[in-house]
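Asks: What follows is a predicted structure for the sequence shown.
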There are 2 protein chains.
Amino acid sequence: MNEAALIRAIALWSASTPGGDLVEGIGDDCAILRPRRNEDLLLTTDLVVEDVHFRRDTHPPAAIGWKCLARGISDIAAMGGEPRFALFSLVLPHWFGTAQLRGFYRGARELAGGLDVRIIGGDVTRGGKLVCDVVVIGSVPRGRALRRSGAKAGDGIYVSGPLGAAAASNWKTKAQPRIGLGVELRRRHRASACMDLSDGLSTDLPRMMLASGVAAELRSGSIPLAKGASLEQALHGGEDYELLFTLPPTARRDPESGFTLIGFVLDGPPGRVRLDGETLKPGGWDPFRRR
Amino acid sequence: MNEAALIRAIALWSASTPGGDLVEGIGDDCAILRPRRNEDLLLTTDLVVEDVHFRRDTHPPAAIGWKCLARGISDIAAMGGEPRFALFSLVLPHWFGTAQLRGFYRGARELAGGLDVRIIGGDVTRGGKLVCDVVVIGSVPRGRALRRSGAKAGDGIYVSGPLGAAAASNWKTKAQPRIGLGVELRRRHRASACMDLSDGLSTDLPRMMLASGVAAELRSGSIPLAKGASLEQALHGGEDYELLFTLPPTARRDPESGFTLIGFVLDGPPGRVRLDGETLKPGGWDPFRRR
């Protein structure tokens, strides 16, 4: 298959047709979007690399497609946005042929279709290892995006569900980005700060506290553990894609919300996080740190 | 350097601060854009892969940075848009350390700064070969983007400058995307179709003719050759980043425009291109075809 035939096949598998705020999808030099009134656009891009983020013998193509898209969609959820469009850039090794590529897009569309996300473009070339760079574009009412930087001393720190599931399953879980919850945190709960737990609580919470210029105190007994997960896995495991957020003390919180209060924001050295009074060192996923 | 330190360094080298229609750049889960009134947004993404698109012994990091960004900016030019923002996703091998990365961003900023393009985000991870996926976002007045699909029988086919320079220099030229010309083709010349010559005239012109549902006839004697380039290189070389466009017979064309008329659009089998009466076979760059 030459490049033109491959792009035609991808356009077919992507199944996106222009309409509404999509003026042009796959097939011209650029995709064309027509922004809606009073919206801000959210843009995120995430790399997934063979033998760094997955292995071909443990991850079938559809699981890779799902995973690539889920990472970006989770970033949109973290800002209280709704995911709208995606672009896929793929470096294809020889082992990843037409059948694998079709499987990859089937996995991506399974997630995209349920969320009304349209695949509108990308790029494709050859290389030695599979590399996927996925751009996701989301929409949020103007000026309303949830940020990492709004946490204030006295706020409670919450997570949206049990942690450590990905680590406990050796990272074979199928991430379910928390879109609906992100929208609710923005609209109804007026969260003061929010981000997604992609790299692990011990890595991500210090980032939020640093961005907000505050410190945090966690209680280990409050951290909700996924079935089969240890506290270590819940703290450092990563790829749980639950939301981590702060709510002001006055926030209304329903008993059935499923949120778990895990600690509090304090005045203190920006970025410092203590667990049961001891400094919590970042132990989450970092491709640039030797473990 | 760990990931957080690397991202801080990249934010510094990118030198983008929020303001105007950029609400948030590097540093949160997503970048945040605030679209302007009556604009359409153009999105393009381009992969550049070590040992596919460049070799480390012939391309210094700054040249790779320039090249990566130039490809996307040229796609924006092809639609008559103005490039505004870029996101860089980088897979970094061991040989590409901090000094190389700084050089890469210096090359990208040399191009970006001259065009007022802001680097607003991306992703970074480790891998065996350098892979760069660059997203460029452009702006065009609503409904005015130049498309590939508007060429009509009777239109003249033009190129914006001599072809084959990249091939004649063994692909070491520094591409200069034709932004100003793209804007003029949209505003003043009302081009009926436009695209950029990234893969070579013999590959790109059939794509435009196919998208427009028409055929083309070229005259080899009219094709402008770059200094030192052969007709073969001008036809099949690729990476010239000149614009290929069609103008209706009534279009005003100044003698000093620098455009060269190379042929005409005809009714005929969609996508068929003949050179001096013989079918022209695509011989340009295609990573999926054995050459």
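Replies: That came through, no problem.
Asks: hmm, who's touching whatever helix or strand residue A:195 lives in?
Replies: If you go by DSSP states H and E, residue A:195 is part of strand A:193-196. With contact meaning C-beta atoms under 8 Å, 6 or more residues apart in numbering or on different chains, strand A:193-196 is reached by A:74-75, A:77-80, A:146-151, A:155, A:177-178, A:182, A:185-186, A:204, A:207-208, A:211-212, A:241-246, B:28-29. Heads up, the C-betas are built off the backbone N, CA and C, glycines and all.
Asks: what does stretch A:218-225 rub up against?
Replies: By C-beta under 8 Å, 6+ apart, stretch A:218-225 touches A:157, A:159, A:161-164, A:201, A:205, A:231, A:233-235, A:260-263, A:273-276, A:280.
Asks: anything in stretch A:15-26 near chain B?
Replies: Yes: against chain B, stretch A:15-26 shows contacts by C-beta under 8 Å from any C-beta of the partner chain at A:23-24.
Asks: What residues sit buried inside that stretch?
Replies: A:16, A:21-26 (16 or more other C-beta atoms under 10 Å in any protein chain shown).
Asks: Run the chain-centre distance for it.
Replies: 24 Å (C-alpha atoms, centre = their mean, to the nearest Å).
Asks: End to end on it, go ahead and measure it.
Replies: Taking C-alpha to C-alpha, to the nearest Å, stretch A:15-26 runs 10 Å from one end to the other.
Asks: Now do it: everything it contacts.
Replies: A:7, A:10-11, A:14, A:30-36, A:84-85, A:109, A:118-122, B:40, B:143, B:145, B:147.
Asks: Residue A:266 contacts residue A:212, doesn't it?
Replies: No: using C-beta atoms under 8 Å, residue A:266 makes no contact with residue A:212, being 11.2 Å away.
Asks: Of those two, which one has the most company?
Replies: residue A:212 (23 against 17; other C-beta atoms under 10 Å in any protein chain shown).
Asks: wait, what's in contact with the nearest residue to that one once chain neighbours are set aside?
Replies: Closest residue to residue A:212 apart from its sequence neighbours, by C-beta to C-beta, 6 or more residues apart in numbering or on different chains: residue A:151 at 3.8 Å. Counting by C-beta under 8 Å, 6+ apart, residue A:151 makes contact with A:157, A:192-193, A:208-209, A:212, A:214, A:246, A:265.
Asks: For residue A:239, see how far away residue A:230 is.
Replies: 16 Å (C-beta to C-beta, to the nearest Å).
Asks: actually residue A:81, not the one I wrote
Replies: Residue A:81 sits at a distance of 21 Å from residue A:239 (criterion: C-beta to C-beta).
Asks: Look at these two and report which has more neighbours.
Replies: residue A:81 (31 against 22).
Asks: Quick check: that one touching residue A:182?
Replies: Yes: the criterion here is C-beta under 8 Å, and residue A:81 meets it with residue A:182 at 6.9 Å.
Asks: Can you list the neighbours in contact with the least confident helix or strand in chain A by mean pLDDT?
Replies: In chain A, the helix or strand scored least confidently by mean pLDDT, DSSP states H and E is helix A:3-14, which has a mean of 85. Contacts with helix A:3-14, where a contact means C-beta under 8 Å, 6+ apart, come from A:1, A:25-27, A:88, A:98, A:101-102, A:105-106, A:109, A:118-120, A:122, A:124, B:207, B:286-289.
Asks: ok, what's across the strand from the residue found closest to residue A:275 once you drop the neighbours it is linked to in the chain?
Replies: Closest residue to residue A:275 in three dimensions, ignoring its sequence neighbours and counting by C-beta to C-beta, 6+ apart: residue A:218, at 4.7 Å. Here residue A:218 sits in beta bridges with residue A:263, residue A:275, going by DSSP bridges.
Asks: and residue A:218, how many neighbours?
Replies: Other residues close to residue A:218 by other C-beta under 10 Å number 21.
Asks: And residue A:224, by the same measure?
Replies: Quick note: residue A:224 (other C-beta under 10 Å) scores 17 neighbours.
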